[in-house]
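**Q** here's a sequence, model it:
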Amino acid sequence: MFDRRRWTATLLATSSLALVACAPNPPSGNWLFVDTGVVQNTCNNNDATPNDGNFTLLNNQNGTFTVDPEDGSDPFNCVLDGENFSCPDRVQDTIQGLNASIEVSVSIVGFFDSDTYAEGTQKASVTCTGDGCGAAQIFTGIDFPCIIEESFTASFKG
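**A** Numbers count the residues shown, from 1 in each chain. Just a heads-up that it's a prediction; the model follows:
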């Protein structure tokens, strides 16, 4: 005899397990960042692009992960939402001089294709405050404020 309640409960349990199993779970360890091209650059400066390189990812097992860029800058946190992730806007660098303060804020959005491969975009917003911003603009060749957005891939190395 067909028991609809039992079949429905089994179907729901199986579907829930399948949904959980489908969400990528990036492993902690060493990853490789590869810049794959300019999406947008309003800064009038082609030298201001991220370098390919290694970074460390720590999966916090709570829907977040921490990235250590291994470039001397501070580690930062990101949020996982299924296959998608976002790393909120953070100050990456502040440069003082010429009576000006140049601030670079960075945010990241992307998705995990699998546990060990991700794609996304990194967006840097560059602003200048102070009386010396005109001189800083001439010295750096950057038009303030501006945005540089780059696409990237990331792959797990171990």
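
**Q** who touches the helix or strand containing residue 55?
**A** For residue 55, the host element (DSSP states H and E) is strand 53-59. Contacts to strand 53-59, defined as C-beta atoms under 8 Å, 6 or more residues apart in numbering, come from residues 25-33, 65-71, 154, 156-157. (Glycine included, C-beta is placed from N, CA and C.)

**Q** which strands and helices sit next to the helix or strand just after it?
**A** Counting by DSSP H and E, the next helix or strand C-terminal to strand 53-59 is strand 64-68. Other helices and strands packing on strand 64-68, by 3 or more C-beta pairs under 8 Å, 6 or more residues apart in numbering; DSSP states H and E, are strand 53-59, strand 76-81.

**Q** residues of strand 64-68 that come out buried?
**A** Within strand 64-68, the residues scored as buried using 16 or more other C-beta atoms under 10 Å are 65, 67.

**Q** between it and strand 76-81, how many degrees?
**A** 150 degrees (axes from the mean of the first three to the mean of the last three C-alpha atoms, to 10 degrees).

**Q** strand 64-68 - what's its average pLDDT?
**A** Throughout strand 64-68, pLDDT has a mean value of 97.

**Q** chain center to stretch 130-143, what's the gap?
**A** Here stretch 130-143 is found 28 Å from its chain centre; the criterion is C-alpha atoms, centre = their mean, to the nearest Å.

**Q** give me the distance between the two termini of it.
**A** Terminal residues of stretch 130-143 lie 15 Å apart, using C-alpha to C-alpha, to the nearest Å.

**Q** find the residue closest to residue 127 in space, skipping its chain neighbours.
**A** Setting aside the residues directly before and after it, residue 127 is nearest to residue 145 in space (C-beta to C-beta, 6 or more residues apart in numbering), at 4.6 Å.

**Q** what about the residue nearest to residue 23 when sequence neighbours are not counted, how many residues close to it?
**A** Sequence neighbours aside, residue 82 is the residue nearest to residue 23 in space, at 5.2 Å (criterion: C-beta to C-beta, 6+ apart). Using other C-beta atoms under 10 Å, residue 82 has 12 neighbouring residues.
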